[in-house]
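K.L.:
Have a look; sequence and predicted model below, questions after that.
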2 protein chains.
Amino acid sequence: MTRKGLLFVLSGPSGAGKGTVCKALIETKFPMKVSVSVTTRAPRTGEQEGVNYFFRSVEQFQEMIAADELLEWAKVYDNFYGTPRSFVDEQLENGNDVLLEIDIQGAMQVKQRFPDGVFIFLIPPSQAELESRILGRGSETQESFNKRTSAARQELQKMREYDYVVVNDVIDEACRRIRCIIEAEHLQVKRNLHLVQSW
Amino acid sequence: MTRKGLLFVLSGPSGAGKGTVCKALIETKFPMKVSVSVTTRAPRTGEQEGVNYFFRSVEQFQEMIAADELLEWAKVYDNFYGTPRSFVDEQLENGNDVLLEIDIQGAMQVKQRFPDGVFIFLIPPSQAELESRILGRGSETQESFNKRTSAARQELQKMREYDYVVVNDVIDEACRRIRCIIEAEHLQVKRNLHLVQSW
């Protein structure tokens, strides 16, 4: 079956485990190109250009924005982060699936440009687990904890904008569910009308 | 994750292997209720009431049609075949998935009543394989062979009315794809809005 490349966006509230699940997915050798982000922050020890990030200056980053070369971007504290459009376009044209692991704000930007993308919302198994993960990330005060949990709760309301929801209870199970979603999307009739055309 | 029962319809042209795939799916112990058809034909040796078919008289069958108790029905040669609505309704209400294995005409009738059903179109791996399977079923003359292949080709055009298409190249692979479709359908956001409502 000839496969057309599809764009999958893995997103969800902080504490859902997007990064861990994305890493586990890559390690299962699933045939999927993972987008590499552009950032203006300095490389950390061991980080490689084009592998972990594309490292650019603020001026270069702003030129990319101006030239509409980013599918989505955000400023987090003092650094810019973004998804280069060219990589995604090239991979899809070559018939490769692409996976973007981004936050909800970024996903909503991508949806505007790629309404045909497949949007997967990753959530923790329970509210208690979400709160415990937020605590684990170090909320110093009750106030900062409340602020973070309230933000996460607001983010959860964005679920309606997505196509699929995957509960991240056990990482292997979450990966298996995501692989099923990828497989099923490729089996949709609208993506396979060519199959019987010549019969 | 609380599962709501979903209706899956496995259908496709003659020679696609619907019966074989359906049997293989059941044998993998996939949690799925398979609908039992009603027929007016006489039971064959070993066939059990309520297991292979519900055996009814022509009068009883016609009463079921009149009382709108059949989701779909057809007359094949001298016998009537149909899908009882009550079984499907009960299973879905109890949260069980239901699988119907029916021909294309029947599937189109079910779609009118269950637009939320998930419609899977099973096809043979190639036109040559389709023709060889039609030959294998015993087309006595060139004329009857031509008639059957032409009918199958027309049936293939109904693919557009379905949600998914599965190529039946290797039975285990076809079953795996169908299980993925079932899993992915349950992960659709629209079926899981309750998940984070109380958070």
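P.N.:
That came through fine. Just so you know, these numbers come straight off a predicted model, no measurement behind them.

K.L.:
drop to CA atoms for contacts and neighbour counts, all remaining ones
P.N.:
Will do.

K.L.:
got the CA positions of the helix or strand of chain A with the lowest mean pLDDT in CSV?
P.N.:
Sorted by mean pLDDT, DSSP states H and E, the helices and strands of chain A end with helix A:127-136, the least confident at a mean of 84. In CSV, the C-alpha atoms belonging to helix A:127-136 read as follows (Å, rounded to 0.1, in the frame of the first residue of the first chain):
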residue,chain,number,x,y,z
GLN,A,127,-5.8,14.5,38.2
ALA,A,128,-3.9,13.3,41.2
GLU,A,129,-1.1,12.0,39.0
LEU,A,130,-1.0,15.4,37.1
GLU,A,131,-0.7,17.2,40.4
SER,A,132,2.0,14.9,41.7
ARG,A,133,4.0,15.4,38.4
ILE,A,134,3.7,19.2,38.7
LEU,A,135,4.9,18.9,42.4
GLY,A,136,7.8,16.7,41.2
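
K.L.:
Figure out how far the helix or strand following it is from the centre of its chain.
P.N.:
Per DSSP states H and E, helix A:127-136 leads on to helix A:142-156 as the next helix or strand towards the C-terminus. Here helix A:142-156 shows a centroid-to-chain-centroid distance of 21 Å under the convention CA atoms, centre = their mean, to the nearest Å.

K.L.:
Kindly report the same for stretch A:181-199.
P.N.:
With CA atoms, centre = their mean as the basis, stretch A:181-199 stands 24 Å off its chain's centre.

K.L.:
Count the neighbours of residue A:117 for me.
P.N.:
17 (other CA atoms under 10 Å in any protein chain shown).

K.L.:
what's the closest non-adjacent residue to it?
P.N.:
Distances taken as CA to CA, 6 or more residues apart in numbering or on different chains put residue A:7 closest to residue A:117, at 4.9 Å, once the chain neighbours are dropped.

K.L.:
beta partners of that neighbour?
P.N.:
Listed beta-bridge partners, residue A:7: residue A:98 (assigned using DSSP bridges).

K.L.:
Read off the pLDDT value for it.
P.N.:
pLDDT for residue A:7: 97.

K.L.:
Can you give the domain ranges for chain A?
P.N.:
Here the domain parsing of chain A from automatic domain parsing is A:1-32+A:97-199, A:36-96.

K.L.:
Indicate which one of these is closest to residue B:87.
P.N.:
Among the domains of chain A, domain A:1-32+A:97-199 comes nearest to residue B:87, with 27.3 Å by CA to CA.

K.L.:
from the chain's centre, how far out does that closest one sit?
P.N.:
6 Å.

K.L.:
The least confident helix or strand of chain A vs helix A:142-156, what angle?
P.N.:
When axes from the mean of the first three to the mean of the last three CA atoms, to 10 degrees is applied, the directions of helix A:127-136 and helix A:142-156 differ by 130 degrees.

K.L.:
which parts of helix A:127-136 are buried?
P.N.:
Across helix A:127-136, burial judged by 16 or more other CA atoms under 10 Å in any protein chain shown covers A:127, A:130-131, A:133-135.

K.L.:
same check, this time on stretch A:143-157
P.N.:
Neighbour counts over stretch A:143-157 (16+ other CA under 10 Å) mark A:145, A:148-149, A:152-153, A:155-156 as buried.

K.L.:
Among the residues you listed, which one lies nearest to residue B:116?
P.N.:
Distances from residue B:116 to those, taken by CA to CA, are shortest for residue A:156, at 25.6 Å.

K.L.:
Excluding sequence neighbours, find me the nearest residue to that closest one.
P.N.:
Of all residues not flanking residue A:156 in the chain, residue A:13 sits nearest, at 6.4 Å (CA to CA, 6+ apart).

K.L.:
can you tell me the helix or strand for that neighbour?
P.N.:
Applying DSSP H and E, one finds residue A:13 in no helix or strand.

K.L.:
wait, what's in contact with residue A:190?
P.N.:
Contacts for residue A:190 (CA atoms under 8 Å, 6 or more residues apart in numbering or on different chains) come out as B:160, B:163.

K.L.:
Are we agreed that it is in a helix?
P.N.:
Yes. According to DSSP: H, G, I helix; E, B strand; the rest coil, the state of residue A:190 is that of a helix.

K.L.:
Neighbours of residue A:179, how many?
P.N.:
Neighbour count of residue A:179, defined by other CA under 10 Å: 16.

K.L.:
Kindly calculate the angle that the helix or strand containing it makes with helix B:171-186.
P.N.:
Taking DSSP H and E as the definition, one finds residue A:179 inside helix A:171-186. Helix A:171-186 runs at 100 degrees relative to helix B:171-186, counting by the same axes, to 10 degrees.

K.L.:
buried sites along helix A:171-186?
P.N.:
Burial within helix A:171-186, assessed by neighbour count using 16+ other CA under 10 Å, is assigned to A:171, A:174-175, A:177-186.

K.L.:
list the helices and strands it packs on?
P.N.:
helix A:18-27, strand A:164-167, helix B:171-186 (3 or more CA pairs under 8 Å, 6 or more residues apart in numbering or on different chains; DSSP states H and E).

K.L.:
The same query, at a cut-off of 10 Å, please.
P.N.:
Judged by 3 or more CA pairs under 10 Å, 6 or more residues apart in numbering or on different chains; DSSP states H and E, helix A:171-186 is in contact with strand A:7-11, helix A:18-27, strand A:118-123, strand A:164-167, strand B:164-167, helix B:171-186.

K.L.:
Now do that helix, average pLDDT.
P.N.:
Mean pLDDT, helix A:171-186: 96.

K.L.:
on that earlier part again, same list, the buried residues of helix A:127-136, but as TSV with distance to chain B please.
P.N.:
Shown next, in TSV, are the buried residues of helix A:127-136 (distance: CA to the nearest CA, whole Å):
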residue	distance to chain B
A:127	6
A:130	10
A:131	11
A:133	15
A:134	14
A:135	17
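
K.L.:
circling back to that earlier point, out of the helices and strands packed on helix A:171-186, nearest to residue A:69?
P.N.:
Checking the helices and strands packed on helix A:171-186 against residue A:69 by CA to CA gives strand A:7-11 as the closest, at 16.9 Å.
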